[in-house]
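coordinates for the following, if possible.
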Amino acid sequence: MADEKQILFAGFGGQGVLSMGKFLTYSAMGAGKNVSWLPAYGAEMRGGTANCLVTIGDEEISSPLTENPGMAIIMNRPSLDRFEEKIKPDGTLIINSSLVDRMPERDDLNILKMPVNQIADEMGSSNAANMILLGACLQKTGVVPVEQALEQFGIIFKGKKESVIQRNREAFQVGVQYAKENW
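Numbers count the residues shown, from 1 in each chain. The predicted model follows:
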């Protein structure tokens with residue numbers, strides 16, 4: 001279990017939280033890892049709460065559940081309020097500073113902030129915020145190699161228009177570049 005990495009994605013339904021988790025899951029599988037993806041969402045879906053927990057390991061995953069993930073990607077303030085205390089000490093907290101209007105209260109976390117919605121709006125693709133944040137996360141943490149994730153776009157977005165795949169790939173790469181330049 002020591003080699004397992006658990007990443008929590010949390011936000012409102014409609015922000016692509018579950019999609020981020022699913023994308024990471026497929027990317028990790030493509031890298032030959034064992035993975036579990038555990039989604040949870042409110043009955044309202046869009047606008048309600050949504051989160052998912054992704055566990056990645058070299059060995060068989062013992063359990064998809066954890067009370068204390070080592071990393072959390074937080075898309076909005078209510079998710080920070082709900083999950084901040086659950087992250088393991090010395091864990092990583094990546095925050096969408098466009099929608100989170102406070103700093104975390106804990107001082108034992110590696111905190112990375114990124115104005116994801118603002119960057120997506122500047123790209124002209126407001127619904128690509130999740131891919132921007134995921135690209136930055138993978139660049140910074142290396143939980144799955146960026147190159148491996150880039151190979152998965154055609155698989156993950158299979159059946160979508162080429163323009164949709166390309167827009168998501170570009171958003172992901174904007175996030176990778178942001179992490180290189182700012183973190």
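
what is the longest helix belonging to the chain packed up against?
In the chain, ranked by residue count with DSSP state H as the criterion, the top helix is helix 162-182. Counting contacts by 3 or more C-beta pairs under 8 Å, 6 or more residues apart in numbering; DSSP states H and E, the secondary-structure elements packed against helix 162-182 are strand 110-114, helix 116-123, helix 129-141, helix 146-150, helix 153-156. All C-beta atoms are positioned from the backbone trio N, CA, C, and that covers glycine.

check the ones you listed for me and report the most buried one.
With neighbours defined by mean count of other C-beta atoms under 10 Å, none of the helices and strands packed on helix 162-182 is more surrounded on average than helix 129-141, at a mean of 26.

how about that one as PDB, C-alpha atoms only?
Coordinates of the C-alpha atoms in helix 129-141 are reproduced here as PDB (Å, rounded to 0.1, in the frame of the first residue of the first chain):
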ATOM      1  CA  ALA A 129     -11.000  24.600 -16.800                       C
ATOM      2  CA  ASN A 130     -10.800  21.000 -15.600                       C
ATOM      3  CA  MET A 131      -8.300  20.000 -18.300                       C
ATOM      4  CA  ILE A 132      -6.200  23.100 -17.600                       C
ATOM      5  CA  LEU A 133      -6.100  22.100 -13.900                       C
ATOM      6  CA  LEU A 134      -5.400  18.500 -14.600                       C
ATOM      7  CA  GLY A 135      -2.500  19.400 -16.900                       C
ATOM      8  CA  ALA A 136      -0.900  21.600 -14.300                       C
ATOM      9  CA  CYS A 137      -1.400  18.900 -11.600                       C
ATOM     10  CA  LEU A 138       0.300  16.200 -13.700                       C
ATOM     11  CA  GLN A 139       3.200  18.500 -14.600                       C
ATOM     12  CA  LYS A 140       3.700  19.400 -11.000                       C
ATOM     13  CA  THR A 141       3.200  16.100  -9.300                       C
END
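
and the contacts of that helix?
Helix 129-141 is contacted by residues 15-17, 19-20, 23-24, 27, 71, 73, 75, 92, 94, 96, 98, 112, 114, 116-117, 119-120, 123, 143-146, 149, 168-169, 171-176, 178-180, 183 when judged by C-beta atoms under 8 Å, 6 or more residues apart in numbering.
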